[in-house]
Every structure is written in structure tokens, then in C-alpha cells.
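Student: here you go, sequence then predicted model.
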Amino acid sequence: MARTGFVAGNWKMNTNKQGAVALAKAVAQGAPAGVQVGVAVPFVYLDAVGQALAGSSVMLGAQDACWLPNGACTGEISIEMLKDVGAKFVLTGHSERRHIFGDGPEFVAKKAHAVYSSGLTLIHCVGETLEQRDANQTLAVVQKQLEELQPASIADPDRLVIAYEPVWAIGTGRNATNEQAQEVHAYIRQALGKLWNQNFASQVRIQYGGSMKPDNAAGLLAQPDVDGGLIGGAALKAESFLAIVNAAK
Ligand code: PGA
């Protein structure tokens, strides 16, 4: 089953308005055909970046969302608000949400359900800490995080993307080896096959994230179950981001 590669930039809490627009324009200009490209930008720049991307194939995305539709949720952003400014995908369960800001599995599950149900594409992030890897808990941790998803209400494999991001590899310059990534990606596909079915699992894109850079992207992306990347640091420069995108063609 040939899956179209999907590389998404996660800008995290970086850029300013002018820099965000310039980066978006450069990405739109350089994005090749044959691979899906997205950028997950800070909430306050979604509107401006969406306008900068108009007419291009680059997908606009958000890094998080509230699961509730509206109302008394001080500081939160609803999925309808994200759609209103043109967002097409949303990340859920990023390790920084889980580990720095305390998003527990129940919150993450509600967010994932709400994003998919809204019609947007869901990039659901999973991954183990170094302690968990050292204690041989990687696959069990990833399994539990996959179970935050509700198979009964997710039917379109094109709108579900899993990002495997080992926490110890994020922003550290220490990426998973090709073999380490492939082992967990293959496990994820097998787990999706049990939660849904083999046919569904074979169509879901599984991105690798965690210090993916132009010089290690080709090796990671050559693994049979690595279908793209979720890129942090290297997504903040069009040149390095597009080099990774091109490696996923
Ligand atoms: P990194 O971040 O590429 O800077 O390691 C990846 C991510 O957190 O999505």
C-alpha cells in the first residue's frame, strides 16, 4: 500500500508575525508535488499564515485545541475558531502538552475525539520518555496513547495521522536510529490493525518526530513504516524544512 508522505512543521512557541508570514511564503513556494506538507503555527498567527498560504497546497494547522465548543473556557481556543481561520489539521497529545503543561490522557482523548469529529485531520502524538525506554516500557506506553483514540468514531484513514515522537529525541539533537524508529512504527501499525483492522492500518500515515534534520531524514524516511515527519527545530528555516520535505517524496 503506497502511502503519500506527510511532513508537518511544528513551529511551537516560535516566530513573530512577520517571520511567520515570511516562513510560510517560502515553504509554500518551495513545496514540491507528491508529498503532503503542513505547518502547525502559533494560534495568534494562524490567520496571517493562512492568508500567506492561500492558493498553495500547504496545510495550515494548530498545535492544540479545546474539546469544548464554546463558552466559559478562559484562555482556550475552540476547533470552530481554528476552522474559522482556515486550519485543516490539529496536533493532539504532543509531549510538551503532556509533560510540561499536564495534559493527561483524558484531556488528550477528548481533544483527539473533538478534532476528528469536526472534520479536520488529526495528528495524534505518542512517545515514551527516556526512563520508560530504559525500563522497556516503550511499546506499552505507545499502546496506551493509541488507545486514547476511539476507533468506532474514526473511519477515514486519511484524516488520522500518528506521530511517533520519543520524548528523549525532541529538541535534543539525539534522534532515534532508523531501526529504533522502524521498530516502534511497525508496532504502531500492528496496534492500529488490532484497534481498527489491517486495511485501515495500512493506510494511516505514521510520522517520526524528534530531531529529524536534513542529514538524518532520508534514512528515517526510507524505513517501510515511516511515512513522514513532524519537525520542530528544523521547520523554523524554510531551507532545512524543505530539504526534509523533499526527502519524503
Ligand atoms: P524537534 O521537535 O524536531 O525540534 O525535535 C519535534 C516535535 O516536537 O514535534
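Tutor: Yes, it's here. The model shown is predicted, which means the values in this text are computed figures rather than measured ones. Numbering: from 1, shown residues only.

Student: what is the mean pLDDT for stretch 207-214?
Tutor: The pLDDT scores in stretch 207-214 average 98.

Student: quick one: low-confidence ranges for this protein?
Tutor: Applying pLDDT under 70 to the chain picks out residues 1.

Student: the helix ranked longest in the chain: what's the following helix or strand?
Tutor: Among the segments of the chain that qualify as a helix by DSSP state H, the longest is helix 178-195. Sequence-wise, the next helix or strand downstream of helix 178-195 (DSSP states H and E) is helix 198-203.

Student: and that next one, what does it pack onto?
Tutor: In terms of contact count using 3 or more C-beta pairs under 8 Å, 6 or more residues apart in numbering; DSSP states H and E, helix 198-203 is assigned the packing partners helix 178-195. Just so you know, the C-beta spots here come from the backbone N, C-alpha and C atoms, and that holds for glycine as well.

Student: got the contact list for the helix it packs on?
Tutor: By C-beta atoms under 8 Å, 6 or more residues apart in numbering, the residues outside helix 178-195 that reach it are 126, 138-139, 142-143, 146-147, 149, 151, 162, 164, 166, 176, 200-202, 204, 206, 208, 219-220, 222-226.

Student: buried residues in stretch 232-249, which are they?
Tutor: Buried residues in stretch 232-249, counted by 16 or more other C-beta atoms under 10 Å: 232-236, 238, 240-248.

Student: from the chain's centroid, how far away is it?
Tutor: 14 Å (C-alpha atoms, centre = their mean, to the nearest Å).

Student: can you list the residues that contact that stretch?
Tutor: Against stretch 232-249 from outside (C-beta under 8 Å, 6+ apart): 5-7, 9-12, 14-15, 23, 26-27, 30-32, 34-35, 37, 39, 170-171, 209, 211-214, 217-218, 221, 228-229, 231.

Student: what do you get for stretch 25-40?
Tutor: Stretch 25-40 is contacted from outside by 4-11, 23-24, 49, 52-53, 56-63, 88-91, 123, 228, 235, 238, 241-242, 245-246, 248-249, using C-beta under 8 Å, 6+ apart.

Student: out of those, who's near the ligand?
Tutor: Restricting those to those near the ligand by C-beta under 6 Å from any ligand atom leaves Asn10.

Student: tell me the buried residues within the contacts of stretch 25-40.
Tutor: Restricting the contacts of stretch 25-40 to buried positions leaves 5-11, 23-24, 49, 52-53, 58-63, 88-91, 123, 228, 235, 238, 241-242, 245-246, 248, with burial counted as 16+ other C-beta under 10 Å.
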